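Student: Okay, structure incoming, though there's no sequence with it:
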């Protein structure tokens, strides 16, 4: 292709036409052709050039505005994905971990985490590539690191839940442990055995640490990305995470500012 786009083709043709018109005008002057003979054609060429140039500028402006809208949309989608992930891990933290955080037998008291409580983090890095040229060129790296933390934590959750289901619960059933029954830590360790007990303790300690980390890190990245997009795209609505007064079962909600 000679021209990268229709707009470029039009503007080149307009410029060439203008140059040809000027050249003809000079030739006409040199050959003593009367002004009235070539002036109308020259005016027409100048008008065509001006019209093509104005059309090009208008189309260029529309394309730039569309690009900005696409970037704002990509940024808002990223914030929403981070908020969704943050909210799910807040639920895990409050519903599964916090009630047993200080329990001496938290390694078995924290139940398996399954179903819709577990949520990954999907980000479209291609649509967010404009962040490389933003005021914080490292933002994409922060997003990637957060996504890696989420993926590793989900793998940990799944691993711990599988062991709890397939090993801990059958042992508890065999030992006659019932929900709500007072069972000592020594009884639990004796029933599970040293190896399984230590495995569950390690996995549970990591679970608590990683979930807490994701809750704090996603909140931080959401705030940073919001401020970055607000500074890059002034006048556009950027999604912001609103933090309500903490009550049971509440998680942060979305808003725009």
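Tutor: In hand now; what should we look at? Predicted model, so just to flag it, every value in this text is computed and none were measured.

Student: CA atoms for contacts and neighbours, from now on please.
Tutor: OK.

Student: Lowest average confidence across helices and strands of this protein, where is it?
Tutor: strand 253-256 (a mean of 43; mean pLDDT, DSSP states H and E).

Student: Can you spell out the domain ranges of this protein, please?
Tutor: 6-60, 65-256 (automatic domain parsing).

Student: weakest of the ones you listed in terms of mean pLDDT?
Tutor: Across these, domain 6-60 has the smallest mean pLDDT, namely a mean of 59.

Student: Let's have the domains of the chain in a markdown table, adding mean neighbour count.
Tutor: Shown next, in a markdown table, are those (neighbours: other CA atoms under 10 Å):
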| stretch | mean neighbour count |
| --- | --- |
| domain 6-60 | 15 |
| domain 65-256 | 16 |
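
Student: C-terminal to the helix or strand where residue 70 lies, what's the next element?
Tutor: Assessed by DSSP states H and E, residue 70 sits inside helix 35-91. Helices and strands here follow DSSP H and E; after helix 35-91, the next one along the chain is helix 106-109.

Student: which residues are contacting that next one?
Tutor: 100, 103, 164, 168, 197, 200, 201, 203, 204, 205 (CA atoms under 8 Å, 6 or more residues apart in numbering).

Student: Kindly provide the distance from the closest residue to the first one other than its chain neighbours to residue 81.
Tutor: Sequence neighbours aside, residue 106 is the residue nearest to residue 100 in space, at 5.5 Å (criterion: CA to CA, 6 or more residues apart in numbering). Residue 106 sits 30 Å away from residue 81, going by CA to CA, to the nearest Å.

Student: what's the answer for residue 178, then?
Tutor: 40 Å.

Student: next one: residue 234
Tutor: Residue 234 is 22 Å from residue 81, by CA to CA.

Student: what helix or strand does residue 241 sit in?
Tutor: With DSSP H and E as criterion, residue 241 is part of strand 239-242.

Student: Perfect, that will be all.
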